[in-house]
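> can't give you the sequence, but here's the structure:
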DNA sequence: CTGTTAGCGCTTTCAT
DNA sequence: ATGAAAGCGCTAACAG
């Protein structure tokens, strides 16, 4: 391995040029527009790249060219399979369009969300995908004003400002509740919270509408939880178990799968027959719901598709001068499984 | 909002300097070494930054300074909570040390793994954390030779070349099997595969050692699966159910939690009492195992700690000229839960 | 098709 | 404490 460069400094393009006996610009052409260079020169340059172990400096490249084929995705919760699905979908359209996608985990922390937003912005990515936490989006406006397009996933776009991809949460709540009613359930419990979370509130709205629109005489109870976790679900379940049998709901809609799972567990442990005595349906189609001994019904959100569409919108915003901002609202779908299907078992 | 810059070009530091009536270098100092600048000048510059909506260009900054306070983490499977734990641990030490961490999901695909390795490398991150797939590490050597330190997580470091953090897989297998034996199980089944996977093979070795070292007369059966998934586990469970009761194992060690979960489900559905008739233990401490109706025993790996240590090693490699490469081997720990605790229920 | 050159926006001496 | 100027490694426009 011959080297023209000095010391431990990584070889640069001019080292390659010198080694190959051509001009700097020619090396650049070989790398970026090979068709402009003769076969023979190209080979010489490639040889030099090999000899020197040259790797081009993406930073300098980005600075000179003004941008890189790169997007950033700031994810609110990398531990939630719904967002992981979104990330996979986004990455798929990135790859299909010759872009790369980098991830940053905000971990439901506004400070970190804004930190990474700024990092991507300062790093001159072509655009940012953001699955935001349920909080004000000031930092987004700042980034966007700075010329960096932002597309929101799982959050509506801001009219005239940015695109967004959402699922119709209200309808999801409607679907879940309607399903419980159709299974003959009449004492419905909505468990979830805090209600300050937009998604929870909207799902609850859907529940109320489903009951209002139905012709049956159903009773709706609300238990507001402080979190959407398995332990919170266990608490709900235990509370129900402590009640006289007649005062328990016969149909539970938990606003999140983790909540539903915890709830189901507590009931099963107490000997209550999930599905038969109490139907339970969750929300999110997290990967673990289907793996339960009593597979838990849920409302699925098209995460993969959301990510795919969101990144396509981002690409359009970057490439198409006539781009128009819009919010795509996708429909959730009911996934009826054993936990609500007593009749069929 | 006043602006000195032309058109839609984002304001640069020289715009800020002009606006504030100071020199370019002074603006740089305000941002990077505020103590070198007088209170008054500092204020003027900050005001100009505000007025212009200036965001500094990290790309130019990195090019000029030679590096950024940034690491990259290439994750083999973002859907696996074990790796997510690692990512969280890594991010923690990154944040504690004023670094930022970007993620890239290789999704168990060697091509993508190498793509992102190169991307981080070309982007001049300070170093790369890699949770590799079980495949040759040629690309790692290339990146490292290029001057970019790489630390391996969940994979041993290459002696003299790179650091690594691993868990003792063999010992994990030993622990799991020893636990089954201690619970009085004598017809042990090891389910997992393919055996071409290093981790599976090592866990199996541990199983064999536990049996060999015990003084009891235990029988070991091996069912090699093609994958480590819930469906694969269901297949295993169904196969067992189809056997005469006397020919079934009374203790199952599944090399992964998903496998264990599927297996448990199939058995429960068939009316076999998990824990009582058959004890089952998995591996990985994936988040869903504890949420099972019969919480599944498992072997936990200190993912968070692994990530934390790995990134600390990376920081040391970057900062400390006397850095020595080493591989830290952490111990897995047994998490005994209901699925193996028939006596205590 | 090849070589030359002017930046990209910032950091960093080095004078002042 | 502040200002001037020399790059960082590359792209892109242009001249040959």
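That came through fine. Remember, predicted model here, so these are calculated numbers, not experimental data.
> Now for residue A:77: which residues touch it?
Neighbouring residues of residue A:77 by C-beta atoms under 8 Å, 6 or more residues apart in numbering or on different chains: A:83, A:105, A:107, A:108. Where you see a C-beta, it was placed from the backbone N, CA and C, and this is true even at glycine.
> Need the three-state assignment for the nearest residue to the third one once chain neighbours are set aside.
The spatial neighbour of residue A:107 that comes closest, neighbours along the chain excluded (C-beta to C-beta, 6 or more residues apart in numbering or on different chains), is residue A:77 at 6.7 Å. Under DSSP: H, G, I helix; E, B strand; the rest coil, residue A:77 falls in the coil class.
> so what are the domain limits for chain A?
Chain A breaks down into these domains under automatic domain parsing: A:13-56, A:68-168+A:303-332, A:169-300+A:335-344.
> Mind checking which of the contacts of residue A:77 are buried?
Buried members of those, counted by 16 or more other C-beta atoms under 10 Å in any protein chain shown: A:83, A:105, A:107.
> Of the residues you listed, which belong to strands?
Those of the buried ones among the contacts of residue A:77 mapping onto strands are residue A:105, per DSSP state E.
> for the buried ones among the contacts of residue A:77, which one is nearest residue A:158?
Of all those, residue A:83 has the smallest distance to residue A:158: 20.6 Å, by C-beta to C-beta.
> From residue A:257, how far out is that closest one?
13 Å (C-beta to C-beta, to the nearest Å).
> Overlap of the contact sets of these two?
Here residue A:83 and residue A:257 have no joint contacts, going by C-beta under 8 Å, 6+ apart.
> about what we covered before: and which of the buried ones among the contacts of residue A:77 is nearest to residue B:164?
For those, the nearest to residue B:164 is residue A:105 (22.9 Å; C-beta to C-beta).
> right, and the closest one touches residue B:103 too?
Yes - using C-beta atoms under 8 Å, residue A:105 makes contact with residue B:103 at a distance of 6.5 Å.
> Sort out which residues of stretch A:159-179 are buried, please.
By 16+ other C-beta under 10 Å, the buried positions in stretch A:159-179 come out as A:162-179.
> can you tell me which of these are in helices?
The helices, defined by DSSP state H, take in A:169, A:170, A:171, A:172, A:173, A:174, A:175, A:176, A:177, A:178, A:179 from the buried residues of stretch A:159-179.
> Find the residues that touch each one of residue A:105 and residue B:103.
What both residue A:105 and residue B:103 touch, as defined by C-beta under 8 Å, 6+ apart, is the set A:78, B:87.
> what's around residue A:313, how many residues?
Residue A:313 has 27 neighbours, counted by other C-beta atoms under 10 Å in any protein chain shown.
> again with residue A:331
Here the count is done by other C-beta under 10 Å, and residue A:331 has 11 residues near it.
> cool, residue A:43 as well?
Burial of residue A:43 is recorded as 13 neighbouring residues (other C-beta under 10 Å).
> Am I right that it sits in a strand?
No - under three-state DSSP, residue A:43 falls outside any strand and is assigned helix.
> Surely residue A:298 is in contact with residue A:332?
No - the criterion here is C-beta under 8 Å, and residue A:298 misses it with residue A:332 at 9.6 Å.
> Work out for me the element whichever residue of the stretch 51-200 of chain A sits closest to DNA strand C sits within.
In the stretch 51-200 of chain A, the residue that lies nearest DNA strand C is residue A:64 (3.5 Å; C-beta to the nearest atom of the strand). Element membership of residue A:64 [criterion: DSSP states H and E] is helix A:58-65.
> now that helix against helix B:58-65, angle please.
For helix A:58-65 against helix B:58-65, the angle by axes from the mean of the first three to the mean of the last three C-alpha atoms, to 10 degrees is 120 degrees.
> Check whether helix A:58-65 comes near chain B.
Yes - Helix A:58-65 reaches chain B (C-beta under 8 Å from any C-beta of the partner chain) through A:58, A:59, A:60, A:61, A:62, A:63.
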